[in-house]
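Give me a model of this one.
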Amino acid sequence: MKRIDLSHTIEDGLVTYKGLPAPIVCDYISRRTSRELYEPGTEFQIGKIEMVSNTGTYIDCPFHRYEDGKDLSEVLLDKFVGLPAIKISFNYKELGLAIEKKYFEKLDLSGKAVLIHTGWSKNWKTDKYFENHPYVTEESAKYLKEQGVTLVGIDSHNIDDTRGKGRPVHTVLLAEEILIVEHLTNLDKLPKNHFTFTAVPPKIKGMGTFPVRAFAEIA
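Numbering: from 1, shown residues only. Take a look at the predicted model:
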């Protein structure tokens, strides 16, 4: 079994979404301070992190969009772990930014995690990452819903077009409890199919989005 890490690293000062605060990663108890609490030769580090939930590679559950939707604690593990998956490659340099319905047609999508590889993740941690990025259209989202997909992931800044105020893809997918993973990376290392996808967040009540350690398993 080969595992491919599909997550970005979260570090102090990382900007994931322009306008949202970067995480603060620091010691709560440093190794040096801990020496005063334990016997000689024994030391520990206890870390502290302050961040918004939309940091790094993260998953969206229905509660992110809908007040009465399931939050992170209510979604079953089966929705996060070992999902049969398919990769859709999209060349935005040749095809434009809109990922339309036609790119998903005639594919076996039922019950699968659909991972959309655009290559946009190469712009991670640059100003270019935040603007004019590839996105899924509302028509595509409706088609994915009709096909019964389990999850949709993308290696772009957002699954929706952020040039306007609407978020139709989030609206369509999360209404049907189809989870969304944004800010993936390393999708170029995956085959088109015959692999599984896992992205597990902590079990937190009252929150609909949180970072994940996303990865693929290839037999």
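
mind listing the helices for the chain?
Using DSSP state H, the helices of the chain run over residues 31-34, 92-95, 138-146, 168-175.

Tell me which of those lies nearest to Gly69.
Across the helices of the chain, Gly69 has its closest neighbour in helix 168-175 (6.4 Å, Cβ to Cβ). Quick note: C-beta positions are derived from backbone N, CA and C, even for glycine.

re earlier: for the helices of the chain, which one sits closest to Ile116?
helix 138-146 (9.5 Å).

which outside residues touch the closest one?
Contacts of helix 138-146 from elsewhere in the structure, counted by Cβ atoms under 8 Å, 6 or more residues apart in numbering, are 99-101, 103-105, 109, 114, 136, 152, 168-169, 172-173, 176, 178.

can you rerun that using 7 Å?
For helix 138-146, the external contacting residues (Cβ atoms under 7 Å, 6 or more residues apart in numbering) are 99-101, 104, 109, 114, 152, 168-169, 172-173, 176, 178.

Off-centre distance for that helix?
19 Å (Cα atoms, centre = their mean, to the nearest Å).

can you list the helices of the chain in JSON lines and add mean pLDDT and mean neighbour count?
Formatted as JSON lines, these follow (pLDDT from 0 to 100; neighbours: other Cβ atoms under 10 Å):
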{"stretch": "helix 31-34", "mean pLDDT": "96", "mean neighbour count": "12"}
{"stretch": "helix 92-95", "mean pLDDT": "96", "mean neighbour count": "11"}
{"stretch": "helix 138-146", "mean pLDDT": "98", "mean neighbour count": "19"}
{"stretch": "helix 168-175", "mean pLDDT": "98", "mean neighbour count": "20"}
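
nearest to Pro62, of those?
Of the helices of the chain, nearest to Pro62 by Cβ to Cβ is helix 168-175, at 4.7 Å.

who does that closest one touch, helix- and strand-wise?
Helices and strands touching helix 168-175, by 3 or more Cβ pairs under 7 Å, 6 or more residues apart in numbering; DSSP states H and E, are helix 138-146, strand 179-182.
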